[in-house]
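> fold the stuff below for me.
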Amino acid sequence: MIAGGKIRASSATRGRLRLVVVQALVLSLFATLFVRCWYLQVLGGEAYQAQAAEQSVRELVVQPARGLIVDDMGRPLVASRTAWEVTVDRTMLHKMSEREQRKLLHRLARSVDVPAAKLAARLLLCGEAGSVSGTCWNGSPYQPVPVAKDVPQKVAVAIMEQGEDFPSVLVDEQNVRAYPSPYGINAAHLLGYLSPITEDELDAAEKADDTSVHGASVVGRAGLEKQYDRYLRGYPGYERVAVDSMGRVLGTTGETAGAAGDTLVTSIDAKVQSVVEKELRETITTARKTFDPVTGRNYVADSGAAVVMDATNGRIVAMAGFPTYDPSVWVGGITSRALSRLYSDQAGTPLLFRATQGQFAPGSTWKPIMTAGALSNGFGQDTRLNCSSSFRVGNRDFKNYESGAYGMIGFDKALQVSCNTFFYRVGYSFWQRFGSDESDVHARDPLVRTAQMFGFGSETGIDLPGEASGRIADRQWKLAYWKANKDYYCRLGKKPGDDFLHRFAREFCVDGYAYRAGDAVNFAIGQGDTIVTPLQLARAYAALSNGGTLWEPRVAKAVVDPQGRVVKRIPPKRASRVKVSADDLRYIDTALQGTSRTGTMAWRLIDFPLDQVKIRSKTGSAEVYGKQSTSWVSSYDKQYVVVMMVSQGGTGSGTSGPSVRRIWESLYGIDGMKVNRRKGAIPGADPPAGLPTFSRTGEILPPRTVEDAPAQRNRRNRR
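The predicted structure is shown next:
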């Protein structure tokens, strides 16, 4: 019994010991928990409270209103309007099941008329698996992602009213580009367009510490929108919002105001621009209905351009290209079909601005430049050369237009009747004197040097992106071209065939580098491989008008902030002066007045008040192998230069002449033989020297004419 009692006592002792141990463990756990809670709430409370607050607040980007682009009178060419935008909160979306996400995207796709697959692609962060550059989301993962822009108001309202069917979907108003089109203008090439910022651009902006852009930004891609993007874009604002655990917005906790973009004032006059666009379009339409006796079919008239420039300072008053496109096609995102058309050869590549990017043989509009070169290098104003029906070089006869002949004439008559054989003789003379060694790429060539002096073969420096440089087909260019293409033509020449292309390939393979007399005479009349842009030609003629100053063309005049203060003036810039004597420039000027009165342009200026508006002009019909002639008319007075070009459009005065006349009539308010400057497209017929007036109410008024009066009187006196 004693032994049994001892066993029971020992068991009870061990049980109590276990209970004590368990109690000790429980007490230690409670003590640890208490100490931890005390630490979190008392010692570390403030830090964790701040961290929790930060996790419940998100920073959203507020897009700024982009600045206006206005013409010289303050008329808006590009403005902004509000549009409904549908966005999706990725955080809330990802808290839903995959099945719920698919149902939501399909429901949303039906509402906004965008395929569900496209919506899903737009919701992917750039860099995620399956993301596509240009479609994926560049912005913050916490920023609602735009999936449909510029949606109809009734669609936006329907989504907002049915919020329970569209969890994580938000609808808001955003600023988008609008095109008021004063006087019905298009001006798409001048104005440019916008598209979302790319990853590379965003990375570059971050490295440069540029805070004016972010992942949701749109940036300028062409025209003035690109050239002056940093002024137009403004600075974004930021809104801090509190959200719950599901990502739903509970309220606003703070806001950092952004800044609207600045207004860009241009030298474009919307009224003149509308006339130029209309005349260019009608000229091309008429040419396409006109029979070409050379080819036996109507003119193709595939493209064209027109420029109106202020000859006194190089400012662009109007500039148009054809074909063109609707600038609003980019608003809200462009479709792949519309984008393909803009690059389509069949549609005429509407995205290409022929005025600054199109390159064409100048034809006879080149001859005044060649005259300046000849008079500055040994020929005189009293020089007389034979304007024969043809001029033989080697075994080839270079013919005059329609084989006409005028006998012994001077440079003035040669310009007025556009005599090719006269200028053939000029080009051949220089080739004989300085360049008869066909392989000497450094031979002196005064005509080439003069062309370069007038700015051909290099960009004009206009404040528009993507300008073409043209080409002067001199000895060095020909050698470089031969080296680059020799292998191709040598292979082609070895193939059987006796047509022109195969014969040319064989000759080119052997000595395509040689600058022969035929190249020199072609160069003197603006034929061969020399090409220019319409803008380059307009600038060169402005130098003839103003006494020899070559300007860098400018479209913009000033940048004005939203309060109406001038941020930056963009003055005209002198590029250089042409080294041609004032006497020789006056001689050319007088000769070109004769072109308008008795020369090749005269039949288009019958009953035009040439005594009051003294237009100088030169026509051109540039021949291009395998194509119809390019029509040119270049004209100027002491205030303006007007140039029009139609590719495959026929003769200069025949095709472009009527429209060039009507542009001049609009500039000076001409009705028959009467000139009323007050009824001109620009009041007083002079571009305003001042800027539009920006009132405190936001209204934009035309420039004050009182300030401009002295400058206008001076211009009229010079004219």
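> strands of the stretch 1-150 of the chain, start to end?
57-62, 69-70, 76-88, 145-151 (DSSP state E, counting those that start in this stretch).
> so what does the one helix or strand A242 maps to touch, helix or strand wise?
Using DSSP states H and E, A242 sits in strand 237-243. Under the contact criterion of 3 or more CB pairs under 8 Å, 6 or more residues apart in numbering; DSSP states H and E, strand 237-243 touches strand 57-62, strand 249-256. For the C-beta atoms, the positions are set from N, CA and C on the backbone; glycine is no exception.
> and it, average pLDDT?
Averaging pLDDT along strand 237-243 gives 73.
> partner strands of that strand, with direction?
Strand 237-243 sits in its sheet next to strand 57-62 (antiparallel), strand 249-256 (antiparallel), going by DSSP bridges.
> how about L501, nearest residue that isn't a chain neighbour?
The shortest distance from L501 to any non-neighbouring residue, by CB to CB, 6 or more residues apart in numbering, is to L492 (7.4 Å).
> that neighbour reaches A505, doesn't it?
Yes. L492 lies in contact with A505 (CB atoms under 8 Å); the separation is 4.1 Å.
> more neighbours, those two?
Between L492 and A505, A505 has the larger neighbour count (other CB atoms under 10 Å), namely 20 against 17.
> confirm the more buried one sits in a helix?
Yes. Assessed with DSSP: H, G, I helix; E, B strand; the rest coil, A505 lies in a helix.
> gap between it and P293?
Distance of A505 to P293, computed by CB to CB, to the nearest Å: 31 Å.
> please parse this structure into its domains.
58-266, 270-325+347-474+515-685 (automatic domain parsing).
> hmm, A514 and E438 touching each other?
Yes. Between E438 and A514 there is a contact at 3.8 Å, judged by CB under 8 Å.
> for D345, helix, strand, or coil?
coil.
> and it, backbone torsions?
Main-chain dihedrals, D345, degrees, to the nearest 10: phi -70, psi -40.
> again with A591
According to degrees, to the nearest 10, the main-chain angles of A591 amount to phi -60, psi -40.
> who touches the nearest residue to it once chain neighbours are set aside in this structure?
Distances taken as CB to CB, 6+ apart put D412 closest to A591, at 3.7 Å, once the chain neighbours are dropped. Neighbouring residues of D412 by CB atoms under 8 Å, 6 or more residues apart in numbering: 381, 587, 590-591, 594.
> highest neighbour count among the residues you listed?
Busiest of these [other CB under 10 Å] is A591, holding 23 neighbours.
> shouldn't that one be in contact with V417?
No. At 10.7 Å, A591 and V417 do not qualify as touching, with contact defined as CB under 8 Å.
> now E225. Nearest residue, chain neighbours left out?
Looking at E225 with CB to CB, 6+ apart, the closest residue is G192, at 3.5 Å.
> any figure for the gap between the nearest residue to N546 once chain neighbours are set aside and R539?
Computed as CB to CB, 6+ apart, the closest residue to N546 that is not its neighbour in sequence is A311, at 5.3 Å. Distance of A311 to R539, given as CB to CB: 9 Å.
> then T549?
Counting by CB to CB, the gap from T549 to R539 is 10 Å.
> phi, psi for the most centrally placed residue in the chain please.
Centroid-nearest residue in the chain, with CA atoms, centre = their mean: G223, separated by 2.7 Å. When read as degrees, to the nearest 10, the backbone of G223 gives phi 60, psi -150.
> might one say that it is in contact with L194?
No. With contacts defined as CB under 8 Å, G223 does not count as touching L194, sitting 10.3 Å away.
> low pLDDT regions in the stretch 251-400 of the chain?
Flagging of the stretch 251-400 of the chain using pLDDT under 70 yields the residue ranges 251-253.
> repeat that for 80
For the stretch 251-400 of the chain, residues meeting the criterion pLDDT under 80 lie at 251-257, 332-333, 335-336.
> would you map the helices across it?
Assigned by DSSP state H, counting those that start in this stretch, the stretch 251-400 of the chain shows helices spanning 270-288, 336-342, 367-375.
> let me know which of those is the nearest to N400.
When these are compared by CB to CB, helix 367-375 sits nearest N400, at 13.0 Å.
> by contact count, what packs against that closest one?
helix 411-417, helix 420-434, helix 446-453, helix 534-546, helix 582-597.
> chain center to that helix: distance?
32 Å (CA atoms, centre = their mean, to the nearest Å).
> with stretch 370-387 instead?
On the basis of CA atoms, centre = their mean, stretch 370-387 is displaced by 40 Å from the centre of the chain it belongs to.
> buried ones in it?
370-377, 379, 383, 385, 387 (16 or more other CB atoms under 10 Å).
> the more surrounded of T549 and R539?
R539 (27 against 18).
> so that one touches G455, yeah?
Yes. With contact defined as CB under 8 Å, R539 counts as touching G455 (5.8 Å).
> where does pLDDT dip in the stretch 401-550 of the chain?
In the stretch 401-550 of the chain, residues with pLDDT under 80: 402-403.
> now with 90, please.
Along the stretch 401-550 of the chain, the model assigns pLDDT under 90 to residues 401-404, 435-440, 493, 496-504.
> so what's Q593 closest to, chain neighbours aside?
Spatial nearest neighbour of Q593, chain neighbours left out: R616 (5.2 Å); criterion: CB to CB, 6+ apart.
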